[in-house]
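Q: Next come a sequence and a model predicted from it.
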Amino acid sequence: MQGLPEEEFSFKKYFIPLTTAKAITWIIVIGLVVYCSSLFNGFVWDDEGQILNNTIVHSLNNIPSLLRGGTFIVGINQVASNYYKPLLPITFTFLYSLFGPNAFFFHFLQVILHISNACMVFLLFSKFFSKKISMLLSTIFLIHPINTEAVAYISALQEPLFFFFGLLALLLIVYKKLNSTNNVIVFSLLFLSVLSKETGFLFLGITFVYLLLFKNRKLFPYLIYYVCLISIYLFLRLYLAEPNLINQQLAPISRASLPIRLYTMPSIIFFYLKDFFFPSNLAVSQDWLVQIPSLKNFYVPLFLDLVFFGSFLFVGIRMYLTKNKLLHSFMFFYLWLLIGIAFHLQLFPLDMTFAERWFYFPIVGLLGLLGILLYLTKVNFKSRWVLIIVTVTLSILGTITITRNSDWKDDQSLFLHDVKINTTSYSMENSAGAVLYQLGDIKEAKYHFLRSSQLAPYYWINWYDLGTLVEGQGQYGLAEKYYQKSIDTGYYEGAYVNIAILYLKKNDYKNVERISSKGLQKFPRDYRLMLALAAADYEMDKYKDALKNAKDAYTILPNDNTNYFLSKISQKLPLDLKF
């Protein structure tokens, strides 16, 4: 009996014809392959302050307080930030409540969000270009190394989060009829985008641009929606949210004058474009400035920026003169790129000069412009050379991203790698010093701490870390000096605690009382300062004050340490202070 003919295997059938379902399937597969290694990375950098040590996000009961505060823990159970993005810590709270301090699930959500965003980018581009061009552009968005920071760094969850809600709102405008129900959904999504990160306001701008260019209808009703959304946000930000607990001006760019920020702008634009087209030497915590314009750091970047944007503007003018049907598409993506970059040009200073994750929104505008060029030049994707170039380009980008994922494995991998590239960052120098100190390389750690204090003598953490290091070497006088510098320059409870302990070691109870009282004025819930004050008062026979502080410390954190102090003081027994 003759068998049925076997169907010949063909890899081509998985791409041709390229359908939406096939494209999205491949985006999911490629995304999981490229980012699967990042799922096993740990908590890195600011994850400690925003998640691990932030007891506020460890319980769902604290969600109301997250609507009023920031994202970082300061002192004991105090949140602070210069920003208002409550949906980020609320998301952390749900993840922590479900899975505890398990970084895998935090990374998993971030990767899934990024892959979902790439799928939506494909759907957006499909409205303007062929599926082949849309697939290529969305894959670049998916695997480009400049987006690694937004995907592999848990504290950068705000990037894919605000983008997810904002782009979903835009897709509803693009693909659905604009009626009352859909409008409410759209502006609810835009509001969630803004609550995820202030950059979500860019989606208000880009949705308005799309309505203006493509919907050809009266925009007055939508202006009312925009005004209502902004008004609600301002109410939450200015009236519901508590005032910032700290007013940090740590980054050099945030301390720089307007002229210096203007001098720095061409280099900022150049670095984004450079990292897109040549993604090498990626590093976090970029804090450089252009203080004096020179040929290298101002005029050359300015010239290249003007050439880049001028060239695209020339293309747009040609499209206008020839009445090209993609003119409005060009205008849409050109404006997308412009407003995306302009938002991060430091006209209003941010917390660092340049960050790769800030290109997460603008990159779509740039990719859209490249899609316009591919359409105008009528690239033949059936050509062997075109396929080779595309394959090699995507392979290189994917390989760099996979390699960069490994840098985000832990603090040691990230900081010791990036400090070799980013040599002008006070934050990176101090972070590298902290890692080296933990590894026992005291000499190198001290070098980086000193380097950080030279770059940013106003930064309190580097002085605190220097104090800890020299105290470990028995240099108590120098340690006291460094701790005092930390107190004088900043807002860090650890310095108060450590210098109080130093005074206790010397039986200098008056100074313990002075420094602990001063520290508690800034950190009224720091139980360690309460214990130091209780010990000093007890030794100076101020029994009632000592008992009160011991009780307050135990109320804030009932553990073995606070119970020991309370028990000994209440029974008037000698305190055994071991350090």
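A: Arrived safely, thanks for sending.
Q: Show me where the stretch 51-200 of the chain has its strands.
A: Under the criterion DSSP state E, counting those that start in this stretch, the stretch 51-200 of the chain contains strands at 72-73, 79-80.
Q: Worst mean pLDDT among these?
A: Averaged per stretch, pLDDT over those is lowest on strand 79-80, reaching a mean of 49.
Q: So what's the residue count around residue 391?
A: Neighbours of residue 391 under the rule other CB atoms under 10 Å: 10. Backbone N, C-alpha and C define where each C-beta goes, glycine included.
Q: List the buried residues for the host helix or strand of it?
A: Using DSSP states H and E, residue 391 maps to helix 384-407. Judged by neighbour count (16 or more other CB atoms under 10 Å), helix 384-407 contains these buried residues: 390, 394, 397-398, 400-402, 404-405, 407.
Q: For it, which helices and strands make contact with it?
A: With contacts defined as 3 or more CB pairs under 8 Å, 6 or more residues apart in numbering; DSSP states H and E, helix 384-407 has these neighbours: helix 20-35, helix 131-143, helix 148-152, helix 411-418.
Q: For residue 486, find the nearest of the ones you listed.
A: Distances from residue 486 to each of these were compared by CB to CB, and the smallest falls on helix 411-418, at 20.5 Å.
Q: So which elements touch that closest one?
A: helix 384-407, helix 426-438.
Q: domains in the protein, as residue ranges please.
A: Structurally, the chain divides into domains by automatic domain parsing as follows: 249-379, 414-570.
Q: Low-confidence regions, the stretch 151-300 of the chain specifically.
A: When the per-residue scores of the stretch 151-300 of the chain are filtered using pLDDT under 70, the ranges that remain are 217, 242-248.
Q: can we see that at 50?
A: In the predicted model, the stretch 151-300 of the chain carries pLDDT under 50 at residues 244-247.
Q: and if you look at the chain?
A: Within the chain, the segments meeting pLDDT under 50 span 1, 3-6, 9, 74-79, 244-247, 579.
Q: Quickly note the distance from the residue nearest the centre of it to residue 147.
A: If you average the C-alpha coordinates of the chain and look for the closest C-alpha using CA atoms, centre = their mean, you land on residue 156, 3.3 Å from that point. When CB to CB, to the nearest Å is the yardstick, residue 156 and residue 147 sit 10 Å from each other.
Q: what is in contact with these two at once?
A: In terms of CB atoms under 8 Å, 6 or more residues apart in numbering, residue 156 and residue 147 are both contacted by the residues residue 357.
Q: list the contacts for residue 240?
A: Neighbouring residues of residue 240 by CB under 8 Å, 6+ apart: 67-68.
Q: Identify the residue nearest residue 367 in space, chain neighbours excluded?
A: The spatial neighbour of residue 367 that comes closest, neighbours along the chain excluded (CB to CB, 6 or more residues apart in numbering), is residue 137 at 4.5 Å.
Q: close enough to count as contact, the one you found and residue 366?
A: No: using CB atoms under 8 Å as the test, residue 137 is too far from residue 366 to be in contact (9.7 Å).
Q: shouldn't residue 208 be in contact with residue 225?
A: No: between residue 208 and residue 225 there is no contact under CB under 8 Å: 10.0 Å.
Q: Excluding chain neighbours, what is closest to residue 338?
A: Spatial nearest neighbour of residue 338, excluding adjacent residues (CB to CB, 6+ apart): residue 365 at 7.4 Å.
Q: Pretty sure that neighbour sits against residue 330.
A: No: using CB under 8 Å, residue 365 and residue 330 do not qualify as a contacting pair, with a distance of 10.8 Å.
Q: more crowded one of these two?
A: Neighbours around residue 365 and residue 330, counted as other CB under 10 Å, are more numerous at residue 330. The numbers are 25 against 20.
Q: and the more buried one, what is it in contact with?
A: Under the contact definition (CB under 8 Å, 6+ apart), the residues listed for residue 330 are 315-316, 319, 324, 369, 372.
Q: cool, and residue 386?
A: With contact set as CB under 8 Å, 6+ apart, residue 386 has these partners: 379-380.
Q: Distance of it relative to residue 181?
A: Residue 386 sits 44 Å away from residue 181, taking CB to CB as the criterion.
Q: same deal with residue 212?
A: Distance of residue 212 to residue 181, computed by CB to CB: 22 Å.
Q: ok, those two, which is more surrounded?
A: Neighbour tally, residue 212 and residue 181, criterion other CB under 10 Å: the higher count belongs to residue 212, 16 against 10.
Q: The more buried one touches residue 219, doesn't it?
A: Yes: applying CB under 8 Å as the test, residue 212 and residue 219 come out as touching, 6.5 Å apart.
Q: How about the secondary structure of residue 289?
A: When classified by DSSP: H, G, I helix; E, B strand; the rest coil, residue 289 comes out as coil.
Q: what's the burial count for it?
A: When neighbours are counted by other CB under 10 Å, residue 289 registers 19.
Q: surely it meets residue 349?
A: No: distance between residue 289 and residue 349: 10.9 Å, which falls outside the contact criterion (CB under 8 Å).
Q: what's the overlap in contacts for those two?
A: 253, 256.
Q: Backbone dihedrals for residue 223, please?
A: Backbone dihedrals for residue 223, given as degrees, to the nearest 10, come out at phi -60, psi -30.
Q: residues near it, how many?
A: Other residues close to residue 223 by other CB under 10 Å number 11.
Q: gap between it and residue 238?
A: Distance, residue 223 to residue 238, by CB to CB: 22 Å.
Q: what's the answer for residue 532, then?
A: Here the distance between residue 532 and residue 238 works out to 37 Å (CB to CB).
Q: These two: which is more packed in?
A: Between residue 532 and residue 238, counted using other CB under 10 Å, the more crowded position is residue 532 (30 against 10).
Q: Leaving out chain neighbours, which residue sits closest to the more buried one?
A: residue 500 (4.1 Å).
Q: And residue 122, by the same measure?
A: On the basis of CB to CB, 6+ apart, the spatially nearest residue to residue 122 that is not a chain neighbour turns out to be residue 138, at 3.8 Å.
Q: Run through the residues that contact that neighbour.
A: Contacts for residue 138 were tallied using CB under 8 Å, 6+ apart; they are 23, 27, 118-119, 121-122, 125, 367.
Q: of those, closest to residue 443?
A: After measuring the contacts of residue 138 against residue 443 - CB to CB - the closest member comes out as residue 118, at 45.4 Å.
Q: what number of residues lie near the closest residue to that closest one other than its chain neighbours?
A: With CB to CB, 6+ apart as the measure, residue 142 is the residue that lies nearest to residue 118, at 3.9 Å, once sequence neighbours are left out. Each residue near residue 142 was counted by other CB under 10 Å, and the total is 27.
Q: Same question for residue 57.
A: 26.
Q: same question, residue 274
A: Using other CB under 10 Å, residue 274 has 16 neighbouring residues.
Q: tell me which element it is part of?
A: Following DSSP H and E, the helix or strand that holds residue 274 is helix 258-277.
Q: what angle do that helix and helix 131-143 make?
A: Between the axes of helix 258-277 and helix 131-143, defined by axes from the mean of the first three to the mean of the last three CA atoms, to 10 degrees, the angle is 120 degrees.
Q: what's helix 258-277 packed up against?
A: Contacts defined by 3+ CB pairs under 8 Å, 6+ apart place helix 258-277 against helix 300-321, helix 362-376.
Q: Run the chain-centre distance for that helix.
A: 19 Å (CA atoms, centre = their mean, to the nearest Å).
Q: would you list the contacts of residue 330 in CSV and tack on distance to residue 42?
A: Compiled in CSV, those are given as follows (distance: CB to CB, whole Å):
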residue, distance to residue 42
315, 45
316, 46
319, 49
324, 50
369, 37
372, 41
